[in-house]
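> kindly return the folded structure for what I paste below:
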Amino acid sequence: MKLIVLNKKLVLGFLTIVLLSGCEQPYNILVSGNPAGNAPGVNPTPTNIPTSAPTGTPLPAPSLPPVIVPSGLLNGHFDLDTATAGMPYDGTTGAGNGTVTAHVHEYDKVNQTTTADFFNLSNEGEDQEAGNALDQIQDTLAPSQRFYLISVNAALNPGAVLEINDNAPTYATTYQAEQEKILAAGGKPQAYTIGVPTVGGDIQLKKLIVAFDPTVDANSLLIPTGPMSCVIPNIAGPKGEYRDGALVLQAVNPVNFIQDKETGAALPPIGGMLWEGMIYNHYMAKGLFGSEYDPEYCYGQVVNGSVFY
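Numbers count the residues shown, from 1 in each chain. A predicted model of the protein is given here:
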């Protein structure tokens, strides 16, 4: 078996030796339209990775897991970032020069949960380089600000379950499909406010939760990617996906909302984005003796001749 010495990462004072056959395998994403997933060893290509809600055999009715999950996601972890302004994005070159207001590494592991409550975010484990606390949605938006709640890249993150107020949990794929249908027909999605609404038909948002099943492998729930070179600078995924395919929830201003037809997100930087939260499976390669290193692979990147998913 071939070994490679990685000289860019010191682990416990020694150079990490990584088994390529164990740590650089491409991922196989399990989507609701394909419950069996890809056969072991099959490397998916950009042409069969969906960019809209999948169709086919639906997943079972979603339910929220318990809030306390000591080990977080199974066989992986998710990072959680927030931003409060439309970020520069280049869907043609994949360059990207955006940023985030705050970034928390291993949110699920540090907080012993597979749930992100955007009204009650934890800053335990905050990346000090980011310098700021995560932006809770109720602290970011003015009480009277009207907004739509948009989901982006749900099909690439099929394990995400949403709970909005006290409505029944729903898959993010289902929620996004409904929003896209309304927008495609020229309609207006449900408008929310943080405070008591003053416009008929608006709803006060009191709860916004994204949760994941702790018994399902992380690779089947969220797209794997890296923060510093992929999601945070807002590079394009292989099909031009916003934030390199991370699951994104955006609060957008109904007055000046411009939807990017390619990504489904608010057109950055002028499309009316007020707040966004993003969650993604931050891939950490496994080395010997339980060590890990961060290769910063981006979703869709070619690694050793294979496409990384």
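
> confirm Tyr192 sits in a strand?
Yes: assessed by DSSP: H, G, I helix; E, B strand; the rest coil, Tyr192 belongs to a strand.

> separation between it and Gly300?
Using C-beta to C-beta, to the nearest Å, Tyr192 is found at 33 Å from Gly300. The way it works is simple: take the backbone N, C-alpha and C, and place the C-beta from them, glycine included.

> same question for Lys207.
In terms of C-beta to C-beta, Lys207 sits 34 Å off from Gly300.

> more neighbours, the two?
Neighbours were counted for Lys207 and for Gly300 using other C-beta atoms under 10 Å; Gly300 has more, 23 against 13.

> which residue is the nearest non-sequential neighbour of the more buried one?
Distance criterion C-beta to C-beta, 6 or more residues apart in numbering; nearest residue to Gly300, sequence neighbours excluded, is Pro238 at 3.1 Å.

> which stretches of this structure have low pLDDT?
1-60, 125-131 (pLDDT under 70).

> what's the longest helix in it?
helix 172-184 (DSSP state H).

> quick one: list the elements packing against that one.
strand 147-152, strand 161-164 (3 or more C-beta pairs under 8 Å, 6 or more residues apart in numbering; DSSP states H and E).

> again, only using 6 Å
When contacts are defined as 3 or more C-beta pairs under 6 Å, 6 or more residues apart in numbering; DSSP states H and E, helix 172-184 packs onto strand 147-152.

> give me the neighbour count for the residue nearest to Gly300.
21.

> repeat for Gln179
Number of residues near Gln179 (other C-beta under 10 Å) recorded here: 22.

> my guess is it contacts Gly187, does it?
No: in this structure Gln179 lies outside contact range of Gly187 using C-beta atoms under 6 Å: 9.8 Å.

> helices of the stretch 101-250 of the chain, start to end?
For the stretch 101-250 of the chain, the helices defined by DSSP state H, counting those that start in this stretch occupy 107-111, 137-140, 172-184.

> of all these, which one is nearest Thr92?
Closest of the helices of the stretch 101-250 of the chain to Thr92 is helix 172-184, at 22.4 Å (criterion: C-beta to C-beta).

> and the angle for that closest one with strand 147-152?
120 degrees (axes from the mean of the first three to the mean of the last three C-alpha atoms, to 10 degrees).

> so for the longest helix of the chain, what gets flagged as buried?
Buried residues in helix 172-184, counted by 16 or more other C-beta atoms under 10 Å: 172-177, 179-180, 183.

> follow-up on the earlier one: how about a markdown table for the helices of the stretch 101-250 of the chain, with distance to Phe118 added?
Conversion of these to a markdown table gives the following (distance: least, C-beta to C-beta, whole Å):
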| stretch | distance to Phe118 |
| --- | --- |
| helix 107-111 | 12 |
| helix 137-140 | 5 |
| helix 172-184 | 13 |
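
> wait, which of the ones you listed is closest to Ile150?
Closest to Ile150 of those, according to C-beta to C-beta: helix 172-184, at 6.1 Å.

> between the helices of the stretch 101-250 of the chain, which gets nearest to Leu156?
helix 172-184 (9.5 Å).

> so what's the nearest residue to Val152 once chain neighbours are set aside bridging to?
Distances taken as C-beta to C-beta, 6+ apart put Val248 closest to Val152, at 4.0 Å, once the chain neighbours are dropped. With DSSP bridges as the criterion, Val248 is bridged to Val152, Met278.
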